[in-house]
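K.L.:
Task: produce atomic coordinates for the following.
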Amino acid sequence: MTAAAPDARLLSTAIKTPPHRLSQTAVRDLCRDLFADSAPGLFERLAPVYLNAGVETRYACAPIGWYRRPHGWAERAALFDRFALDLLEDAAWAALDQAGLGAADVDQIVCVTTTGVSTPSLEARLAERMAFRADVRRTPLFGLGCAGGALGLARAADLARARPGETVLLLAVELCTLTFRPQVAAKETIVASALFGDAAGAAVIRAGDAQGGDAQGGGAQGAALGPAGEHRWPESLDVMGWEVADDGLGVIFSQAIPTLIDRDLPPALDGFLQRAGLARADIAHWLLHPGGAKVLAAYERAFDLPSVALAETRSVLRRMGNCSSVGVLAVLDRARADGASGCSLIAALGPGFTAGFQLIDL
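P.N.:
Got it, this is the predicted structure:
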């Protein structure tokens, strides 16, 4: 008989942001300067998004003046490598220190990003700085978008369960602001400027101990990561993603996303919970991706939630904006800091069009 896999445990989380803190007012004024002449009617029609997005501040890897000028692929890629590695290193050390571990203790690394392309991949470059062991196993994940935090956590937990006693380091970094193209006066450019920010996150996961024992029997301690799942809707590839242009990545997101949440997300979530032997009433904390005010309102309608249920999500959105895959990890980090306990759902939506689910007993 095959022994049951030990619980995967979340030992620590850490979130780091770049140095430039931008107010929503400053971003609005920048975009008014850029687009008021080239697209006056469009900008004035969309200007209320800066008040209604639910974002007060966000962090950027470049000073606000950088966003006034066009930039090409080579410059964006160089900045992505530089700032992504700086943020990942800070987040990784913070998570490892919190768990009482060092770089040499890491056996596997899962690294999530969607806002930049780097080969060798980011965790390989990071290994040169942090002196991870030469035999560390690496799993870079690209293209999951905002769902990457939930799905990356699920993949890291799977890897931990497969090798009890090994330490898995989850990393996520998104430099969303580097994709801003000031020469493109389009609705997507303006809406994205009101929502997105930069950040990195890290988490340490382990299952069992070095002898293969269960975490509850003297091995790793921490919040138990339960079942995970995902749901991809057919014929939805155009809902969210990137348009690859000569001068960078152009964001694609459909205005139908709140409608899709209202109509299609509840049955997908209920199916996942049913397979896990749970129902919505069993969820004590809803740790949902801070996609924007309209997305949060759609979550509340779809799941019949009071606004207080998304307090952590709204707090992250207000302070950091939408940081793509890092966003839901920041919500998890905030819930842990607030002392949340009980059965919790981590969920996010991303390109595909895909929902990622992860249960955790905080």
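
K.L.:
and residue 300, what does it touch?
P.N.:
Residue 300 is in contact with 306-307, 309-310, counting by CB atoms under 8 Å, 6 or more residues apart in numbering. No exception for glycine: its C-beta is placed from N, CA and C like everyone else's.

K.L.:
typed the wrong thing, it's residue 136
P.N.:
When contacts are counted by CB under 8 Å, 6+ apart, residue 136 touches 106-109, 127.

K.L.:
what about residue 122, distance to residue 92?
P.N.:
Using CB to CB, to the nearest Å, residue 122 is found at 11 Å from residue 92.

K.L.:
what do the two both touch?
P.N.:
Overlap of the contact sets of residue 122 and residue 92 (by CB under 8 Å, 6+ apart) consists of residue 171.

K.L.:
who has more neighbours, these two?
P.N.:
Neighbour tally, residue 122 and residue 92, criterion other CB atoms under 10 Å: the higher count belongs to residue 92, 29 against 25.

K.L.:
residues contacting the more buried one?
P.N.:
Residue 92 sits in contact with 14, 103, 126, 130, 169, 171, 202, where contact means CB under 8 Å, 6+ apart.

K.L.:
From residue 80, how far off is it?
P.N.:
17 Å.

K.L.:
related to what we said a few turns ago, of the contacts of residue 92, closest to residue 334?
P.N.:
For the contacts of residue 92, the minimum distance to residue 334 (CB to CB) is 12.0 Å, reached by residue 14.

K.L.:
Return the distance of that closest one relative to residue 96.
P.N.:
Taken as CB to CB, the span from residue 14 to residue 96 is 9 Å.

K.L.:
What is the least confident helix or strand in the chain?
P.N.:
strand 248-253 (a mean of 73; mean pLDDT, DSSP states H and E).

K.L.:
Over to residue 16: give its phi and psi.
P.N.:
Here the main-chain torsion angles of residue 16 (degrees, to the nearest 10) amount to phi -130, psi 140.

K.L.:
which regions of this protein sit below the pLDDT cut-off?
P.N.:
Flagging of the chain using pLDDT under 70 yields the residue ranges 1-5, 209-220.

K.L.:
Need the single longest helix in it, by residues.
P.N.:
As assigned by DSSP state H, the longest helix anywhere in the chain is helix 73-98.

K.L.:
could you give the angle of the following helix or strand past that helix to helix 73-98?
P.N.:
Toward the C-terminus, helix 73-98 is succeeded by strand 108-113 as the next helix or strand (DSSP states H and E). Between the direction of strand 108-113 and that of helix 73-98, the angle (axes from the mean of the first three to the mean of the last three CA atoms, to 10 degrees) works out to 140 degrees.
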